[in-house]
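Asks: Take a look and give me a structure for this.
(chains A and B)
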Protein chains: 2
Amino acid sequence: MKRTILIALALLALLANAHAQVKSIAERLGYPRDAKLLIVHADDLGMAHSVNIATMKALATGLVNSGSIMVPCPWLAEIATYARANPQADLGLHLTLTSEWTNFRWGPVSPKDRVSSLLDKDGYFYLTETDAAAHADPKQVELEILAQIEKARALGIQPTHLDSHMGTLYQNKALFEVLLRVARSQKLPVRVARDWVANADFLQGTLNGNDVYVDRVLTITPDVAPQDWAKFYSDALRNLEPGVTEVVIHLAYDDAEMQGATFNHPNWGAAWRQRDLEFFTSEAFRKVLQENQIKLVTWRELGKLIK
Amino acid sequence: MKRTILIALALLALLANAHAQVKSIAERLGYPRDAKLLIVHADDLGMAHSVNIATMKALATGLVNSGSIMVPCPWLAEIATYARANPQADLGLHLTLTSEWTNFRWGPVSPKDRVSSLLDKDGYFYLTETDAAAHADPKQVELEILAQIEKARALGIQPTHLDSHMGTLYQNKALFEVLLRVARSQKLPVRVARDWVANADFLQGTLNGNDVYVDRVLTITPDVAPQDWAKFYSDALRNLEPGVTEVVIHLAYDDAEMQGATFNHPNWGAAWRQRDLEFFTSEAFRKVLQENQIKLVTWRELGKLIK
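Replies: Residues are numbered from 1 along each chain as shown, chains lettered A, B, ... in the order given. Here you go, the predicted model:
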């Protein structure tokens, strides 16, 4: 009899666990399973003054409701001041291991001699995520990203989530495991999309039921012509599937500073970023959200699901 | 007889030495003693894109003929590209131990744990030259400025001279001795004005006859009203004394990047720098040079006097 009860309890536990696992992230957030939820997320805060002022303007509209900060970059102090003044803002850390603009460079928060595998011959982070991943010693990666988190907190930034600039930490399993271990130790959600898991074997083996991730990430690509910018986003939002989507955008003004940084790189360049700024602060965007019953959610809400 | 010849030779040597010492820097350059010689020197290259593009434009006019580069700053790579493409340009290093803009910061070239006396609590150089000098361990200063010179050379910059951003290395004897020792070891002239020597005891004891320095440094000050900018410089040039004068200027555009950097610091701020740019690329400046027989010289020419 005692043994039968134990078996029944074990079965109940298994069923409960199975049920928890199939709950969608929308349901875990308390929404119906068919709710359309959106995080409107601006990357690259702290990189440049142009990025900072464009993003702060966009956050003020409420239409852009999340962003992440590059701690090693020269304009960090400006966005840290904003973060301290706006503690409710949904700001995470855009963990940075690349320095991609030819004429405008940055390097690590850690002492350079302790993270030499992360640095190019000029002492900056590598220009590309593939070079960064190819050279990076995972122990040094962990040291550096912990230093970035520590520095952010020391400046009064209370990050709500983590992600990885240019996806460097998603380049291979060893780097992703560092990101996930650090995120779990900090009890912070990390940018992962459910549909990435199907495409990267190493994600299947590393994520567990307590990790919180979005259903998909939506981002514009260089094949979209400038005149089709608003149409691309509007169409994508009209056709949005239920669940949590993170639309990852890049905001700045098409001004001298941004043109100087991106002069040889129109993709994610100055004009690209101003187009993103214009769409995501427009009445057209507000209207498409309303008409399609899309509700904005934040990484802060997702992070509360972490036990 | 032999003894008399020896005494005569010794006296001749003494006289020759005395004569060499009283030769003015203008005479050592091959000009008459009453020649009016001017170095038009833009500081802070590499600091910001706005500074770089303004200075490159001014150098192209030939009216600004010298400048110095801040190696730790984020836009170094842009000015290094210019230096490689213009090897005749008179570019020195603006050795940097301060990071003075609240929202836009930089730190050392050396590993941070080896130059901790140079860093504030956020891991950047101190905001002010007085804080920097008060905390700086001269051994760490030497390590850092040698690292800045080494990095500049690695990027293809062949510096013609050295000076010190915000004058940090002139704040006390120990720091000045580091600057002078490094400059002598590199056989580079360093920004010192003959009239400073009279006002700083420690300069008298450290400089020797082989050091090359200018007769005076001319720089505008915050008490000059914006509308009097051109008048200040024109008057100063009309009254220029003979010898070598270095006019130290700060060039940039009054644009969003520069306004963001200097938002709480109008002195040496964005509008200040655009006023400098406008005067020193103007026909009025060209005319005042011609009318007053002022000839431009470079630090490269001064450096050739070093044995």
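Asks: Give me the pLDDT for A:I7.
Replies: What the model reports for A:I7 is a pLDDT of 60.
Asks: again with the one 3 residues further on
Replies: Looking at A:A10, its pLDDT stands at 55.
Asks: Please apply the same query to the one 4 residues further on.
Replies: At A:L14, the predicted lDDT confidence score is 52.
Asks: mind listing what A:A230 touches?
Replies: A:279, A:282, A:284 (Cβ atoms under 8 Å, 6 or more residues apart in numbering or on different chains). In this view, the C-beta of every residue, glycine as well, is placed from N, C-alpha and C.
Asks: Adding neighbour count and distance to B:A89, write these out as TSV.
Replies: Output for the contacts of A:A230, formatted as TSV (neighbours: other Cβ atoms under 10 Å in any protein chain shown; distance: Cβ to Cβ, whole Å):
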residue	neighbour count	distance to B:A89
A:F279	20	43
A:S282	16	46
A:A284	13	49
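Asks: Can you tell me which of these is closest to B:A198?
Replies: A:F279 (63.6 Å; Cβ to Cβ).
Asks: following the lowest-mean-pLDDT helix or strand in chain A, which helix or strand comes up?
Replies: In chain A, no helix or strand scores lower on mean pLDDT, DSSP states H and E than helix A:2-22, which sits at a mean of 55. Next along the chain after helix A:2-22, taking DSSP states H and E as the criterion, comes helix A:25-28.
Asks: neighbouring strands for the strand ranked longest in chain A, and are they parallel or not?
Replies: The longest strand of chain A (DSSP state E) is strand A:36-45. Its sheet considered, strand A:36-45 pairs with strand A:66-69 (parallel), strand A:243-250 (parallel), strand A:294-296 (parallel) by DSSP bridges.
Asks: and those, which is most packed in?
Replies: Per residue and on average, the most neighbours among those fall to strand A:66-69, with a mean of 28 (mean count of other Cβ atoms under 10 Å in any protein chain shown).
Asks: Pull the residues that contact it.
Replies: Here strand A:66-69 has contacts from A:39-46, A:55, A:59, A:76, A:79-80, A:83, A:89-94, A:152, A:157, A:159-163, A:246, A:298-299, using Cβ under 8 Å, 6+ apart.
Asks: now the strands paired with strand A:36-45 as JSON lines including mean pLDDT and distance to B:V71?
Replies: Listed next are these as JSON lines, based on pLDDT from 0 to 100; distance: least, Cβ to Cβ, whole Å:
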{"stretch": "strand A:66-69", "mean pLDDT": "98", "distance to B:V71": "26"}
{"stretch": "strand A:243-250", "mean pLDDT": "98", "distance to B:V71": "29"}
{"stretch": "strand A:294-296", "mean pLDDT": "98", "distance to B:V71": "44"}
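Asks: so which of those gets nearest A:F202?
Replies: Here strand A:243-250 is closest among these (Cβ to Cβ), at 20.6 Å.
Asks: tell me which parts of the stretch 151-300 of chain A are close to chain B?
Replies: When proximity is defined as Cβ under 8 Å from any Cβ of the partner chain, the stretch 151-300 of chain A approaches chain B at A:151, A:154-155, A:253, A:255-257, A:260-261.
Asks: In those, find the pair that's most separated.
Replies: Maximum distance among these (Cβ to Cβ): 31.9 Å, for A:A154 and A:A256.
Asks: For these two, indicate the residue with more neighbours.
Replies: A:A256 (18 against 12; other Cβ atoms under 10 Å in any protein chain shown).
Asks: can you count the residues close to the residue nearest to the more buried one when sequence neighbours are not counted?
Replies: Distance criterion Cβ to Cβ, 6 or more residues apart in numbering or on different chains; nearest residue to A:A256, sequence neighbours excluded, is B:D255 at 5.3 Å. The number of residues packed near B:D255 is 20, by other Cβ under 10 Å.
Asks: Backbone dihedrals for B:D255, both of them.
Replies: When read as degrees, to the nearest 10, the backbone of B:D255 gives phi -110, psi -180.
Asks: Do I have it right that A:T128 meets A:T98?
Replies: Yes. Applying Cβ atoms under 8 Å as the test, A:T128 and A:T98 come out as touching, 6.6 Å apart.
Asks: that older thread, among the contacts of A:A230, which are in helices?
Replies: Counting by DSSP state H, these place A:279, A:284 in helices.
Asks: ok, and for stretch A:103-117, which residues are buried?
Replies: A:103-112, A:114-115 (16 or more other Cβ atoms under 10 Å in any protein chain shown).
Asks: Dump those residues into a markdown table; add pLDDT as well.
Replies: Below are these laid out as a markdown table (pLDDT from 0 to 100):
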| residue | pLDDT |
| --- | --- |
| A:N103 | 98 |
| A:F104 | 98 |
| A:R105 | 98 |
| A:W106 | 98 |
| A:G107 | 98 |
| A:P108 | 98 |
| A:V109 | 98 |
| A:S110 | 98 |
| A:P111 | 98 |
| A:K112 | 97 |
| A:R114 | 98 |
| A:V115 | 98 |
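Asks: from the residues you listed, which are also near chain B?
Replies: Among the buried residues of stretch A:103-117, chain B is touched by A:103-106, A:109-112, A:114 when using Cβ under 8 Å from any Cβ.
Asks: which one of those residues sits closest to B:G269?
Replies: A:F104 (21.2 Å).
Asks: so that closest one bridges to which residues?
Replies: A:W101.
Asks: Skipping its backbone neighbours, what lies nearest the spatially most central residue of chain A in space?
Replies: Nearest residue to the geometric centre of chain A (Cα atoms, centre = their mean): A:D163, 4.0 Å. Taking Cβ to Cβ, 6+ apart, and ignoring the residues beside it in sequence, A:D163 has A:R191 as its nearest neighbour in space, at 3.7 Å.
Asks: Surely A:L162 and A:V190 touch.
Replies: Yes. Counting by Cβ under 8 Å, A:L162 does reach A:V190; the two are 4.7 Å apart.
Asks: Can you pull the residues that touch both of those two?
Replies: Between them, A:L162 and A:V190 share the contacting residues A:179, A:183, judged by Cβ under 8 Å, 6+ apart.
Asks: Tell me the buried residues in the helix or strand harbouring A:L237?
Replies: In the assignment (DSSP H and E), A:L237 maps to helix A:229-238. For helix A:229-238, a neighbour-count test (16+ other Cβ under 10 Å) marks A:229-230, A:232-234, A:237 as buried.
Asks: sorry, back to before: these two touch, right, the residue nearest to A:D163 and A:T160?
Replies: No. A:R191 lies out of contact with A:T160 (Cβ under 8 Å); the separation is 11.7 Å.
Asks: In terms of neighbours, single out the busier of these two.
Replies: Neighbours per residue (other Cβ under 10 Å) separate A:R191 from A:T160, with A:R191 holding more: 26 against 22.
Asks: where in the stretch 1-150 of chain A is pLDDT low?
Replies: A:1-21 (pLDDT under 70).
Asks: Can you pull the residues of it lying near chain B?
Replies: So the stretch 1-150 of chain A meets chain B at A:48-50, A:52-53, A:73-78, A:81, A:102-106, A:109-114, A:121-123 (Cβ under 8 Å from any Cβ).
Asks: What about those, which are in helices?
Replies: A:49-50, A:52-53, A:76-78, A:81.
Asks: With respect to A:L179, which of those is nearest?
Replies: Of these, the one sitting nearest to A:L179 (Cβ to Cβ) turns out to be A:L76, at 20.2 Å.
Asks: Just give me the neighbour total for that closest one.
Replies: With other Cβ under 10 Å as criterion, A:L76 counts 29.
Asks: In contact with it, which residues?
Replies: A:46, A:69-70, A:155, B:105.
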